[in-house]
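Trainee: What follows is a predicted structure for the sequence shown.
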Amino acid sequence: MIARIIRLCAAHPYFTILLTMALALVTLVSLRKLPLDALPDLTDTQVIVAADWPGRSPDLVEDSLTYPLVSSLLSTPKVRYVRGVSMFGGTQVTVVFEDGTDLYWARSRISEKLSSVAGMPQGVVPALGPEATGLGWVYQYALVDKTGKHDLAELRSIQDWNLRFALQSVPGVAEVASVGGFVKQYQVNLDPVKLQAFDVSPLQVTRAIRNGNQEIGANVVELAGSEFMVRGRGYVKSLDDIRRIPVSVTSKGRVITIDDVGRVELGGAPRVGVGELDGEGETVGGILVMRIGENALNVIDAAKARLDEIKKSLPEGVDIVPVYDRSNLIESAIRTLKRVLVEEIVVVAVIVSLFLWHARASWVAILPLPVAVLLSFLPMLFTNLTANIMSLGGIALAIGAMVDSGIILVENAHKRLEGRNTKEMPEHERRRIITEAMVEMGKPLFFSLLVITVSFLPIFSLEGREGRLFKPLAFTKTVSMAWAALLAITLTPALGVLFLKGKFVHENKHSISNFLHRIYSPVIDLVVKYKKRVIIAAAVLVLATVPVFLKIPSEFMPPLNEGTILYMPTSVSGMSIDTAIEVMQKQNSIIKSLPEVDHVFGKAGRANSATDPAPLNMFETVITL
């Protein structure tokens, strides 16, 4: 079967090349749909549920919020475990599903469960977090005002009401989380003496403000042949609107308003997280969270383009400073694959040309290599596999073995033609010799490549995080070798009959080969003469490496230098927000003083995202080199 395929492709070289190029072109066009990211997402299939209950302590949140949610969600189908984090003013519950569970199926099941959770406090509405994980934090930026005209509250308003909504419309963005600054809010500071004097409770004040901030619809009135809708407009638009809200009535008929029992003013909401840039003081930041399975490079590029548009409308003096950009790592991984491919092509071209003394023979070995690499991406499109460091690493790992088949086939054909000039023989005779030479080596080569291909199949038995990390590498390595085996019996014979022409130098007349023969022939004779001693010496050498092997350190993730460092110190529990700001600013100023550092963006506490449950005593510092 393999011999028939080789003869068929060698007999119709132009058709074979045309068919291969058509397949490569389809793959090239389809590459735009291939998701790109830095690393495979090792996170389990999970759904995050967040619920806010302002002002409540963690133990009350645990008993009244977290426990009812966790106990109810445990019965969801395909759930492995549920974990909850109770914090001051809210809870975050993470539901982890079995491997292979569809994310959106899981989200719909959790959504159904939430509608039937019993015992929830009044006014608390649990909500699903974004369809993203911690690895979805692909881009971060900080808002900076060098003029000093805009305070932290104004910068936070720009982030929440301008940047956040603009970036959330970018395809592939799950959410834009804000961190730092002050969220403006109306605050009513009650006077206990006045409350007692007017016999008014804080609960009455709360109920009055809630009732005073709403609109009421009535009916319609016909007047002069027209129909008019009647409604009561009551939304709060200013501080005076709150001051005039009635709370109660005295026995003498005097209306008691909010202004009578307290002071109404604008202030900042209680903060659970702060941001700091370059040790220069507090700032406001934004975190772009990507939806699971999206193309990270496209999302980041689209977000940066949107930010460039928004910069024109920002107030004078306000600037957007990028503090983390994963696209640099993704592009670096792609450049690495390109560099490895180019290096391999150059080495093969030089070696084949040098040892066969036939420049055109190198093209037969080289051309199938980039085609096999390109076609390796085609199966990734149908398996929803992300092009990341591990999957691209599988291709890079296979490149060294992929080129072997072409070299062996070319060398065998060269051996049949050495010492002859193809210009002096009939064309059909030249083609016959080349075809038979490739048929002779085609079958053993094909099966040897398949043996290398199946050697990575045990990796597919890995489960959990190990499987999610190494399966992309094993998949692309296997696919690449499979394509190399297929092209060795199709494209290589077609190229061989087209390029293997001219004069072929005999091996005995090749100066480089003769020189190498003189070097390694005595060595081989010596090894064969003392074969037992050589085997014993080799065994001793292998045993000597065992202690060294046992001392080699191990790590789950490969070392990765992406040009940024995540520095995460933690402090004592119960740290106040002012102390956290002071410590973080000192820390960042020291780091920024290093000449290698470009920016230092520190975050203490959590951003307003369900993907970030960090406490206030945890600092997450992104150092851009």
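Mentor: Noted; the coordinates are in hand. Residues are numbered from 1 along each chain as shown.
Trainee: only C-alpha atoms for contact and neighbour calcs from this point on.
Mentor: Noted.
Trainee: Tell me where the stretch 51-200 of the chain has strands.
Mentor: Taking DSSP state E, counting those that start in this stretch as the criterion, the stretch 51-200 of the chain carries its strands at 79-87, 90-97, 127-128, 137-145, 173-179, 184-190.
Trainee: looking at those, which is closest to Met390?
Mentor: Comparing these by their distance to Met390 (C-alpha to C-alpha), the top pick is strand 137-145, with 17.7 Å.
Trainee: Just the angle for that closest one relative to strand 173-179, thanks.
Mentor: Computed by axes from the mean of the first three to the mean of the last three C-alpha atoms, to 10 degrees, the angle separating strand 137-145 from strand 173-179 equals 40 degrees.
Trainee: Can you tell me which of the strands of the stretch 51-200 of the chain is most buried?
Mentor: Among the strands of the stretch 51-200 of the chain, strand 173-179 has the highest mean neighbour count (mean count of other C-alpha atoms under 10 Å), at a mean of 25.
Trainee: gap between Gly502 and Leu417?
Mentor: Gly502 sits 10 Å away from Leu417, taking C-alpha to C-alpha, to the nearest Å as the criterion.
Trainee: Just want to know which of the two has more residues nearby.
Mentor: Per other C-alpha atoms under 10 Å, whichever of Gly502 and Leu417 has more neighbours is Leu417, with 22 against 14.
Trainee: Make sure the more buried one is actually in contact with Phe504.
Mentor: Yes: the criterion here is C-alpha atoms under 8 Å, and Leu417 meets it with Phe504 at 6.3 Å.
Trainee: Dump the strands of the stretch 51-200 of the chain into CSV; add mean pLDDT and distance to Ala474 as well.
Mentor: Below are the strands of the stretch 51-200 of the chain laid out as CSV (pLDDT from 0 to 100; distance: least, C-alpha to C-alpha, whole Å):
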stretch, mean pLDDT, distance to Ala474
strand 79-87, 89, 27
strand 90-97, 89, 24
strand 127-128, 87, 34
strand 137-145, 89, 25
strand 173-179, 89, 30
strand 184-190, 88, 52
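Trainee: which one of those strands lies closest to Ala488?
Mentor: strand 137-145 (40.3 Å).
Trainee: who does that closest one touch, helix- and strand-wise?
Mentor: Judged by 3 or more C-alpha pairs under 8 Å, 6 or more residues apart in numbering; DSSP states H and E, the packing partners of strand 137-145 are strand 282-290, helix 296-311, strand 318-325.
Trainee: Show me the contact partners of it.
Mentor: 155, 159, 277, 283-290, 296, 300, 317-327, 601 (C-alpha atoms under 8 Å, 6 or more residues apart in numbering).
Trainee: and with 6 Å instead?
Mentor: Residues outside strand 137-145 that contact it (C-alpha atoms under 6 Å, 6 or more residues apart in numbering) are 284-289, 317-326.
Trainee: Stretch 202-216 now?
Mentor: For stretch 202-216, the surrounding residues in contact (C-alpha under 6 Å, 6+ apart) are 231-236, 247.
Trainee: what does the average pLDDT come to for that stretch?
Mentor: In this model, stretch 202-216 has a mean pLDDT of 86.
Trainee: Only C-alpha atoms, please: export it in PDB.
Mentor: Output of stretch 202-216 as PDB, limited to C-alpha atoms (Å, rounded to 0.1, in the frame of the first residue of the first chain):
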ATOM      1  CA  PRO A 202     -32.500  54.000  62.300                       C
ATOM      2  CA  LEU A 203     -34.800  51.400  60.700                       C
ATOM      3  CA  GLN A 204     -37.400  54.000  60.000                       C
ATOM      4  CA  VAL A 205     -34.800  56.200  58.400                       C
ATOM      5  CA  THR A 206     -33.600  53.300  56.200                       C
ATOM      6  CA  ARG A 207     -37.200  52.500  55.200                       C
ATOM      7  CA  ALA A 208     -37.900  56.200  54.400                       C
ATOM      8  CA  ILE A 209     -34.800  56.600  52.200                       C
ATOM      9  CA  ARG A 210     -35.700  53.400  50.300                       C
ATOM     10  CA  ASN A 211     -39.300  54.500  49.800                       C
ATOM     11  CA  GLY A 212     -38.200  58.000  48.900                       C
ATOM     12  CA  ASN A 213     -36.000  56.900  46.100                       C
ATOM     13  CA  GLN A 214     -38.500  55.400  43.600                       C
ATOM     14  CA  GLU A 215     -41.000  56.300  41.000                       C
ATOM     15  CA  ILE A 216     -44.700  55.400  41.200                       C
END
